[in-house]
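[1] Okay, sequence plus prediction incoming.
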Amino acid sequence: MDPVRFMHPDAIRALFSTALSAMYKQEVPLYGDLLDLVAEVNAQTLAAQPALAERLRSSGDEQRLSVERHGAIRVGTAEELQGLRRLFAVMGMSPVGYYDLSIAAVPVHATAFRPIEAASLRANPFRVFTSLLRLELIEDPQLREQACQLLSERTIFTPGVMALIDRHECDGGLTDTDAQAFVQEALETFRWHQSATVSTQQYRALHDQHRLIADVVAFRGPHINHLTPRTLDIDRAQAQMRSRGMTPKAVIEGPPPRQCPILLRQTSFKALQEAVTFAGGDGAPGHHTARFGEIEQRGAALTPAGKALYDRLLSQARQALGAAPSADNAEQYAHLLKTAFSAFPDDYASLRTHKLAYFNYFVRDAAKARGTDLETLIEQGAVGFEPLVYEDFLPVSAAGIFQSNLGDNTKADAMTQGNQQQLEAALGARVIDETTLYAQAQAQSIASCLRALEIQATSA
Ligand code: OOG
Ligand code: NI
């Protein structure tokens, strides 16, 4: 019997991420400029920081850097979200984390689809922040009804991609040929549609309720709204964005600059105004702003204790600022952030001993191993450690990104509570808790170090 050869989900994800990037470059040429800029900055940073270069090489993260990016889409119904869960599963991507954006008066909640195994993350960490519109947060009942109606009339997946998803679920994989077809069909869901499905008046009404509602409801599909490359030095990249005619947000989201980066720092440039054609007899021309550019720098994943400290220091700085960070107070905010975060240890040894961050442990020099417990092995130089990269998102940062791209007139009060169960019911699955994943990855790395050293000891 001939075993069927399936393409590895990691390989399908890599193909898709590349194809999506190429499509988005066509759609938004500025994204191409951003990729070039980030590649340059990364090369400069690696040349200037040999220790960082060495760390990336030894952890195997150097290769992933050039292909690393995240995207974001927004959908309107449970059916759409479930379809996406099945689509992303073909590429080895699972829903991780719950993000409540209602904290920033954005009527969505979200999860991120991403690979979860260490080897898969190393191969290609492509992730997609996926938001679901919370229709129940639309105040006007008539408008809510209209939005439901519009969403029920659209199908965001091609028949071809649905058939291939079914095949993947039945057979347990896709052949090379099917995988190639899958990538082409799946792209259609993420494509920009220049013609809206609603009239100018309908668009206005949706937009007036919330700009995001118009973005989700008024089009045939959930166009990818940004693709974000990973930079090794966001401050440098931000400075260079300005000199190349891209206007970034006034404030970088997340922690302040540090020797040892933690979590995630992000900056974006404003959404583009794009020409659209509205439905209705006259095919009225108009415009819509949704898509934007973003870059990010990733640092160490934090333990719950580290995350709690991060949250406390961030809100300390924000409270001291007394207003939302903006162009007018950017300098003051940077200063307050720096002051607050002086309470957050900034060397990997302290981050580890205080259990603030998660680490990957590896055998450095087996010949030096004498003891059997981890701390002794580290002291002896037999075992080394590297921070685990934060693979997820930050709700406060995401809120800031949403806000800045929705226009500064959006009210920033919380509108309601998050509702993880509701998202999970829509998704048709539980979301994976990201903390569990980091703790597991750390524990696995320790176990494999000890295993490797025992093998060494017995064979010597
Ligand atoms: C998603 C915003 C969140 C991030 O990087 O935090 C996000 C959206 O605007 O749809 O992408
Ligand atoms: Ni983003």
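    On my side now, so go ahead. What you see is a predicted model, and the numbers here were worked out from it, not measured in a lab. Ligands and ions are numbered 1, 2, ... in the order given.

[2] From here on, just use CA atoms for contacts and neighbour counts.
    Fine.

[3] Okay, now the unreliable bits of the stretch 151-300 of the chain?
    Residues of the stretch 151-300 of the chain meeting the criterion pLDDT under 70: 281-283.

[4] Would you map the strands across it?
    Counting by DSSP state E, counting those that start in this stretch, the segments of the stretch 151-300 of the chain that form strands are 226-229, 264-269, 273-277, 285-289, 293-298.

[5] go on, the stretch 351-460 of the chain?
    359-363, 383-387.

[6] For Y98, which three-state class applies?
    Under DSSP: H, G, I helix; E, B strand; the rest coil, Y98 falls in the strand class.

[7] what's it in contact with, if anything?
    For Y98, the contact set (C-alpha atoms under 8 Å, 6 or more residues apart in numbering) comprises 109-112, 420, 431.

[8] V216 now?
    Shown here is V216, whose contacts under the criterion C-alpha under 8 Å, 6+ apart are 74-76, 133, 222.

[9] tell me the contacts of the closest residue to ligand 1 within the chain?
    In the chain, the residue found nearest to ligand 1 is A398; the distance is 3.5 Å by C-alpha to the nearest ligand atom. When the contact criterion is C-alpha under 8 Å, 6+ apart, the partners of A398 are L101.

[10] Do a quick rundown of the strands in the stretch 1-150 of the chain.
    Counting by DSSP E, counting those that start in this stretch, the segments of the stretch 1-150 of the chain that form strands are 69-75, 94-100, 108-114, 127-133.

[11] Quick one, which of those gets closest to R298.
    strand 69-75 (11.0 Å; C-alpha to C-alpha).

[12] Please state the offset of stretch 267-276 from the chain centre?
    On the basis of C-alpha atoms, centre = their mean, to the nearest Å, stretch 267-276 is displaced by 19 Å from the centre of the chain it belongs to.

[13] in it, what counts as buried?
    Under the neighbour-count criterion of 16 or more other C-alpha atoms under 10 Å, stretch 267-276 has 267-272, 276 buried.

[14] Residues in contact with that stretch: which ones?
    Identification of contacts with stretch 267-276 by C-alpha under 8 Å, 6+ apart yields 194-196, 234, 238, 246-249, 251-253, 285-296, 401, 404-406.

[15] swap in stretch 152-165?
    Counting by C-alpha under 8 Å, 6+ apart, 80, 83, 86-87, 90, 174, 178, 182, 185-186, 188-189, 220-222 sit against stretch 152-165.

[16] thinking again about what came up before, any chance of TSV for the strands of the stretch 1-150 of the chain, columns distance to S17?
    Putting these into TSV (distance: least, C-alpha to C-alpha, whole Å) gives the following:
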stretch	distance to S17
strand 69-75	8
strand 94-100	15
strand 108-114	12
strand 127-133	9
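
[17] winner for burial among these?
    Of all the strands of the stretch 1-150 of the chain, strand 108-114 has the most neighbours on average by mean count of other C-alpha atoms under 10 Å, namely a mean of 25.

[18] now that one against strand 127-133, angle please.
    With axes from the mean of the first three to the mean of the last three C-alpha atoms, to 10 degrees defining the directions, strand 108-114 sits at 160 degrees from strand 127-133.

[19] Next one: strand 108-114, is it in contact with ligand 1?
    No: in terms of C-alpha under 6 Å from any ligand atom, no part of strand 108-114 sits within range of ligand 1; the closest distance is 8.6 Å.

[20] Figure out how far that strand is from the centre of its chain.
    Shown here is strand 108-114, whose average C-alpha point lies 9 Å from the average C-alpha point of the whole chain (C-alpha atoms, centre = their mean).

[21] And for stretch 168-180?
    Taking C-alpha atoms, centre = their mean, one finds the center of stretch 168-180 at 26 Å from the center of the full chain.

[22] Now do the end-to-end distance for it.
    13 Å (C-alpha to C-alpha, to the nearest Å).

[23] follow-up on the earlier one: distance to Y348 added to the strands of the stretch 151-300 of the chain, as a markdown table?
    Listed next are those as a markdown table, based on distance: least, C-alpha to C-alpha, whole Å:
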| stretch | distance to Y348 |
| --- | --- |
| strand 226-229 | 25 |
| strand 264-269 | 16 |
| strand 273-277 | 43 |
| strand 285-289 | 42 |
| strand 293-298 | 15 |
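
[24] can you redo these as a markdown table with distance to ligand 1?
    Listed next are the strands of the stretch 151-300 of the chain as a markdown table, based on distance: least, C-alpha to the nearest ligand atom, whole Å:
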| stretch | distance to ligand 1 |
| --- | --- |
| strand 226-229 | 7 |
| strand 264-269 | 7 |
| strand 273-277 | 15 |
| strand 285-289 | 12 |
| strand 293-298 | 8 |
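
[25] quick one: which of these is nearest Q440?
    Closest approach to Q440 among the strands of the stretch 151-300 of the chain is made by strand 293-298 (19.7 Å; C-alpha to C-alpha).

[26] so how far is that closest one off the chain centroid?
    Using C-alpha atoms, centre = their mean, the offset of strand 293-298 from its chain centre is 9 Å.

[27] Which residues does it contact?
    Looking at what lies outside strand 293-298 - C-alpha under 8 Å, 6+ apart - the contacts are 30-31, 34, 226-234, 261-271, 389-391.

[28] about what we covered before: out of the strands of the stretch 351-460 of the chain, indicate the one that is most buried.
    Mean neighbour count (mean count of other C-alpha under 10 Å) peaks for strand 359-363 among these, with a mean of 23.

[29] Kindly calculate the angle that that one makes with strand 383-387.
    With the same axes, to 10 degrees as the basis, strand 359-363 and strand 383-387 are set at 150 degrees to each other.

[30] Adjacent strands (with direction) for strand 359-363?
    Each strand pairing with strand 359-363, determined using DSSP bridges, is listed with its direction: strand 383-387 (antiparallel).

[31] Now the partner strand: average pLDDT?
    Mean pLDDT, strand 383-387: 95.
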